[in-house]
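> Only the shape, not the letters, is given here:
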């Protein structure tokens, strides 16, 4: 018999049906090809800096802007989902045919290239590189939040074709949007209501409950806890939470940002050791800019392995079907020697 | 400059960024292999009826239950997401560690095989087959709603690997769940509020607005309107709405169910002519069983072509990025000769 579990942060349900892992598959899984360290046609490889728009930030060993010698490089997305407008105005809004709501696609869309090497995945970064990657993500958050018309900054990573990437060279994306997405509004509403009902932060209580139970915990230190959530949407879904209460990713101190980089490297190292090759998304949920000081919300980082496809049931109901118990997958991942 | 459009039924936002269609792709799209009409190892092909659990319903030319001779066949899913419990009780609910909410995975999970032919897609069905397919979906809705512990019936189809199917032989799935998913709750709440603000059904007004504008309409007759929604989440997303107000798919009359079968066949024929091969999901949004008579909600069918992958931005924000204007794709699809 399967279980239906509730995600306390969204009140959405997940079906955990481990029986379904046994169903036949008529499609073979293919291992992706080995990649070279440098790819002449790749816009993110060193030497090809002119293939991207001019950089907005970089950390370098040598060289000038838009030349090789960088360790981390941030550029505007050449095909942005949202584009900047004058900082003095709000995006234009319209009502078409008295019915359809529409707004100018104002915002920023940046790409953070965390390594000059075409084939270097996060587990293969040095600890210093991993630290600099997170420091730079935080600094870009801080820079983009200054635009008056921006409401939310979405930070994410698409690793591999099943995770929706179009460029294989490892990179993050940062989208500054002029709206608060419903999915974030939902998390804020649920957390606010939890505060009213219980007099505390939902996520702080979640950290305490996961830590105490220990069943789903991968690792925990003074700064961060890493666990596979009770209502994981997919096998090996993993969350990283800062134990100190904070609604805003951009408020990370230097020390905390570096610790997050190391924690993320260790966590992905463990996951790769168990799953071999796998595609995944990383997303950071952080409060809207005007709610950065909020005591009701708590930012978090979510790693979503893309081991199966999102299908009609998920699209139609919003309920995900997960074929693995997080208690079982967490046990395997926790035991990995790193 | 891209546009940000609001889906009026969920108040979620979609970014329409047609510029992004020009971005390079480092992965090749592969045409799927030609399939045979019969596949000896396929559990859904005639002659292999013993490979599925015993059928719960069928339309047959000849033969007895669980033998060849059927035109449409319904069987329990061999690897169900949810399993039946005694109809006299509610599913068991628990609170683990005083914090984590959990419920027994009670429900039903059926498979409807709409054709005995392994390779027969919906456009290749006869009009009679298409009619019988929808009549049977409606009849299964009516049968499953009778279970006391069921709250919502989710009907969907996964066509192709990118749409998450694990078995290629064309089929639908019907999942009867003991909970009301948040995504349906959201639609009900938005529609109820629209009623309060405007004194009418949101979906009836949407039908009128789309019909009047005509820009996104594919076809329209006395029973149904087919259009690509203003805030399409992906290129060529297509909705089919019954023009008569009804919250419940199961309330379709025989005449309406047959008309829906023909409309669905025509619509998919058009889409295949434009897109050649493509993977897609079909989902039917219908009211919870206790809200079947609701005047605030209106059931609808949604076809979601899976031309791109759901990536980190969508997971992190719930905002989809669509690279095509529905006005432009609708024009192409509307002009297809069928």
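Nice, I can see it. Nothing here was measured: the structure is a model prediction, and the numbers come from that model.
> Three-state assignment for residue A:15, please.
The assignment at residue A:15 comes out as strand when based on DSSP: H, G, I helix; E, B strand; the rest coil.
> what pLDDT does it get?
Listed pLDDT for residue A:15 reads 97.
> I'd guessed it sits against residue A:320; true?
Yes: Residue A:15 lies in contact with residue A:320 (C-beta atoms under 8 Å); the separation is 7.2 Å. For every residue, glycine as well, the C-beta is placed using N, CA and C.
> who's more crowded, the two?
Each of residue A:15 and residue A:320 has its neighbours counted (other C-beta atoms under 10 Å in any protein chain shown); residue A:15 has more, 27 against 21.
> For the more buried one, give me its contacts.
Shown in contact with residue A:15 (C-beta atoms under 8 Å, 6 or more residues apart in numbering or on different chains): A:2, A:3, A:4, A:319, A:320, A:321, A:322, B:81, B:82, B:105.
> Show me the beta-bridge partners of it.
Per DSSP bridges, the residues bridged to residue A:15 are residue A:4, residue A:321.
> circling back to that earlier point, tell me which of the contacts of residue A:15 is nearest to residue B:130?
Ranked by distance to residue B:130 (C-beta to C-beta), the contacts of residue A:15 are led by residue B:81 at 26.8 Å.
> does the closest one really touch residue A:17, like I thought?
Yes: using C-beta under 8 Å, residue B:81 makes contact with residue A:17 at a distance of 4.8 Å.
> what is in contact with those two at once?
With C-beta under 8 Å, 6+ apart, residue B:81 and residue A:17 have common neighbours A:2, A:321, B:105.
> Quick one: those as JSON lines, columns for neighbour count too.
Output for these, formatted as JSON lines (neighbours: other C-beta atoms under 10 Å in any protein chain shown):
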{"residue": "A:2", "neighbour count": "22"}
{"residue": "A:321", "neighbour count": "23"}
{"residue": "B:105", "neighbour count": "24"}
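> from these, which single one is nearest residue B:127?
For the shared contacts of residue B:81 and residue A:17, the nearest to residue B:127 is residue A:321 (33.8 Å; C-beta to C-beta).
> Surely the closest one is in contact with residue A:312?
No: applying C-beta under 8 Å, one finds residue A:321 not in contact with residue A:312, separated by 11.0 Å.
> so what's residue A:229 up against?
So residue A:229 contacts A:7, A:210, A:216, A:237, A:239, A:326 (C-beta under 8 Å, 6+ apart).
> Need the pLDDT of the last one.
The reference is to residue A:326. 97.
> host element of the most centrally placed residue in chain A?
Nearest residue to the geometric centre of chain A (C-alpha atoms, centre = their mean): residue A:283, 1.6 Å. Using DSSP states H and E, residue A:283 sits within strand A:280-285.
> and that strand, which strands flank it?
For strand A:280-285, pairing defined by DSSP bridges yields strand A:152-159 (antiparallel), strand A:300-305 (antiparallel).
> Which positions in that strand come out as buried?
A:280, A:281, A:282, A:283, A:284, A:285 (16 or more other C-beta atoms under 10 Å in any protein chain shown).
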